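# just need the structure, nothing else, for what follows:
(one chain, ligands or ions: 1)
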Amino acid sequence: MGIVLENAILIDLDPKQVEIGSLRIDGGRIVERASSVSRQPGDEVVDCRGAVVLPGLVNGHTHLYSALAAGMPPPPQCPSNFEEVLKYVWWRLDRALDAESNEMSSRIGAIGAVRCGTTTLIDHHASPNCIRGSLDHIEKGLAEIGLRGVLCYETTDRNGPQGRDAGLEENRRYLEKCTNSQNNKFAGMAGAHASFTLEGETLDKLASLAEGFGVGVHIHVAEDPCDEEQCQAQNQTLLIDWLTGHGILRSDSILAHGTHLNEDAAKRIAGAGAMVAHCPRSNMNNAVGYAPIKSFGNHVMLGTDGIGSDMLTEAQTGWFIACHEHAGLTPSDVLNMMVASARRASAALDITLGQLTVNAAADVVITDYVPFTPIHSENLAGHVLFALGAQYIHSVIGNGKFLMRNRTITTCDESAVRRAASKISTRLWDRLAKIHS
Ligand SMILES: [Zn+2]
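So this is what the prediction gives:
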């Protein structure tokens with residue numbers, strides 16, 4: 001028994017294409033695409049009424065652990081720079097996380113993602129007082145709501161050798177689990193916080209972990225000038241050389257932000273085949289500057305860095321800031337960042353994401369966006385960046401099953417989950433209040 005989507009405007013970003021047509025979904029895959037597909041007995045038929053249907057979106061870099069931060073008490077003192085933002089806000093929150101808040105953060109983040117048509121998240125997790133099993137908590141929250149994930153634990157030396165070893169071990173454990181399960185839904189990476197909280201020896205261990213499992217390293221790079229400055233002061237070398245020397249620049253690595261990398265570093269990243277995850281709203285929120293996006297060429301994907309999973313808003317902001325910074329991008333360049341996220345997640349999960357093609361994953365977003373101006377492959381970016389927002393998304397299919405139908409989440413009782421999350425948040429914030437720096 002499958003699902004047939006009829007009378008849709010099918011939008012593909014990879015390559016950019018607009019076509020009126022129908023899809024048939026069965027067994028978690030798109031099995032037919034044509035102007036009119038054949039219905040099978042028992043199929044559910046959805047008339048899309050001439051509205052846009054697009055592939056499930058992919059968040060290229062996020063932190064589900066921050067999902068319960070909305071409205072949390074202010075830090076004990078107002079941060080005056082990026083390092084203080086980490087110290088007074090995020091490193092207090094992550095230390096307060098336990099198993100139940102990890103899992104609930106993931107569940108709440110997943111519900112928010114579905115509502116925005118995002119069906120795969122590349123996540124970077126930290127909970128220093130609850131490391132072992134934490135990636136299972138994140139996976140459980142995502143799996144319950146019906147999403148896919150590429151997960152890692154952000155290894156750091158900021159909590160001493162024990163914390164470092166526990167982080168490395170959690171990555172190893174989860175990578176082994178995913179290697180054994182191979183389910184196209186969850187995969188691991190070798191997670192690292194950032195060079196300025198990692199010793200060279202730890203970077204070596206992360207690189208060898210990544211090598212052993214044939215995966216990339218997921219790490220923050222040059223988000224703020226402090227990363228480069230501390231690297232040069234401590235190691236007498238450029239950050240890009242330091243990371244290269246320690247084997248972090250792998251072809252499947254994700255370097256989040258890259259805000260303060262120069263053109264030479266961008267070339268080295270492209271040469272290695274690694275990707276930079278651009279997170280424009282986060283960069284603006286933390287006032288860390290604007291990444292040299294043009295220099296990264298097609299080695300740049302799009303992430304939210306924990307500010308929800310609304311990739312359409314992230315893309316729009318990515319366009320606005322590119323204009324503001326005279327970055328020389330085209331609207332199509334911004335869409336290509338979304339494509340790059342989908343390709344990276346496809347490679348990690350060994351399934352085609354971000355495309356409405358036969359045999360691709362049946363992760364499909366149904367909108368009620370009926371274009372009110374002509375739409376075709378050449379002006380598609382204009383529709384996506386200026387008109388098509390999450391407010392038009394009414395139903396989402398993940399792995400061939402409805403995750404949201406007519407704006408109601410179908411995989412859980414959303415109101416009950418939100419009420420439970422509020423109670424867990426209260427306990428989380430109570431613990432947070434006792435952590436002073
Ligand atoms: Zn991040």
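# where does the residue nearest the centre of the chain sit: helix, strand or coil?
In the chain, the C-alpha closest to the average C-alpha coordinate belongs to residue 59, at a distance of 2.8 Å (C-alpha atoms, centre = their mean). Under DSSP: H, G, I helix; E, B strand; the rest coil, residue 59 falls in the strand class.
# what's the burial count for residue 429?
17 (other C-beta atoms under 10 Å). All C-beta atoms are positioned from the backbone trio N, CA, C, and that covers glycine.
# now it. Nearest residue, chain neighbours left out?
residue 72 (5.5 Å; C-beta to C-beta, 6 or more residues apart in numbering).
# what sits against that neighbour?
By C-beta atoms under 8 Å, 6 or more residues apart in numbering, the contact list for residue 72 reads 93, 425, 429, 432.
# quick check on it: phi, psi?
Backbone geometry at residue 72, expressed as degrees, to the nearest 10, gives phi -70, psi 160.
# of all pairs in the contacts of residue 72, which one is the farthest apart?
Spatial extent of the contacts of residue 72 (C-beta to C-beta) is set by the pair 93 and 425 at 10.9 Å.
# the more surrounded of these two?
Between residue 93 and residue 425, residue 93 has the larger neighbour count (other C-beta under 10 Å), namely 24 against 21.
# now for that one: which residues touch it?
Contacts of residue 93 (C-beta under 8 Å, 6+ apart): 65-66, 69, 72, 428, 432.
# among those residues, which one sits closest to the ion?
residue 66 (9.2 Å; C-beta to the ion).
# please identify which residue in the stretch 151-300 of the chain comes closest to the ion.
Closest contact between the stretch 151-300 of the chain and the ion, by C-beta to the ion, is at residue 256 (4.8 Å).
# mind listing what the spatially closest residue to residue 53 that is not a sequence neighbour touches?
In this structure, residue 53 finds its nearest non-sequential neighbour in residue 8, 4.1 Å apart by C-beta to C-beta, 6+ apart. Contact partners of residue 8, counting by C-beta under 8 Å, 6+ apart, are 20-23, 48, 50-53, 366.
# so the nearest residue to residue 100 once chain neighbours are set aside, which of the three states?
Leaving aside its sequence neighbours, residue 100 sits nearest to residue 424 (C-beta to C-beta, 6+ apart; 5.6 Å). Following three-state DSSP, residue 424 is assigned to helix.
# residue 313 now?
At residue 313 the chain is in helix, as set by three-state DSSP.
# give the contact list for it.
116, 281, 389-390.
# sorry, back to before: isn't there a helix covering the residue nearest to residue 53?
No - read with three-state DSSP, residue 8 is strand and lies in no helix.
# count the neighbours of residue 364 for me.
By other C-beta under 10 Å, the residues close to residue 364 number 26.
# can you pull up the bridge partners for it?
Residue 364 has these beta-bridge partners by DSSP bridges: residue 55, residue 397.
# cool, residue 45 as well?
Residue 45 has these beta-bridge partners by DSSP bridges: residue 4.
# how near is it to residue 261?
Going from residue 45 to residue 261 by C-beta to C-beta, to the nearest Å gives 50 Å.
# check residue 220 too.
Distance from residue 220 to residue 261, by C-beta to C-beta: 12 Å.
# got the residues of the stretch 151-300 of the chain near the ion?
residue 256 (C-beta under 5 Å from the ion).
# coming back round to it: the residue nearest to the centre of the chain is in contact with residue 113, isn't it?
Yes - with contact defined as C-beta atoms under 8 Å, residue 59 counts as touching residue 113 (6.8 Å).
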